[in-house]
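pasted the sequence and its predicted model underneath.
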Amino acid sequence: MDASGLDRVPEGPVRRMLAAANRHDLEAMVSEFADDYRNTTPVHPARSFTGSAQVRKNWTALFAGLPDLTLTVHDAATGPDGKIWLEWSNGGTRPDGSVQRAAGVAILTVHDDRISAAQFYLEPVDQDSGDVNDAISEALHGAAGGDRP
C-alpha cells in the first residue's frame, strides 16, 4: 500500500483530486469539482459553501501557508448510493514552524465524473484537551464547568 493511502480510494475524481492535492497541483485539483459543488460542514454550519471558486480560494491559501501539506487516506468505502466515504488526515508546517494536523471524515458525492458535494467533518487534532472523562464533563457542564451550584 502506498503511504498516502490513495490506493484505498476507487479510481475516479476523488482519487484524482487527492493525488493532485498531494502534488500541490491546484489546477488539476480544482478541475475535479463541479462548478456548483456544495460543501456542507454540519459541525460548523457557517463554514458551508457552494462553488468550486471557494475550493480554489481555500486550497490556494492552504498550499501557500503549509508548503509541505500532505493528505493521507486511512480508510475509504463506497456506499450503495455511490458516495465515497473517506477517513483521512492532513498535516503540514506553518511559516512559524508549528505543525498543523487535522483528521476526520468526508462523504463525497460524485456526479458526471466530478465531485458535486461533500459532508465535511475535518477537525484540528487536539492532543491537550484532556481524557474521555474530561470530555464527558465538558459535554455535561460546558468548558468552564457551567453554572454548577
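Structure received. Just so we're clear, the structure is a prediction, and the values are computed from it rather than from any experiment.

list the contacts of stretch 63-79.
3-6, 8-10, 18, 21-22, 24, 26, 62, 84-95, 100, 107 (C-beta atoms under 8 Å, 6 or more residues apart in numbering). In this view, the C-beta of every residue, glycine as well, is placed from N, C-alpha and C.

may I see the PyMOL selection of the buried members of these?
One line in PyMOL is enough to select the buried ones among those; burial here means 16 or more other C-beta atoms under 10 Å:
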select buried, resi 4+5+6+8+9+18+21+22+24+26+62+84+86+87+88+89+90+91+92+107
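
inside helices: which ones of the contacts of stretch 63-79?
Among these, the members found in helices (DSSP state H) are 18, 21-22, 26, 62.

how about the helices in the chain?
13-23, 26-30, 52-65, 132-141.

around Ala135, how many other residues sit close by?
Close neighbours of Ala135, defined as other C-beta atoms under 10 Å, add up to 11.

for His111, see how far away Ala135 is.
37 Å (C-beta to C-beta, to the nearest Å).
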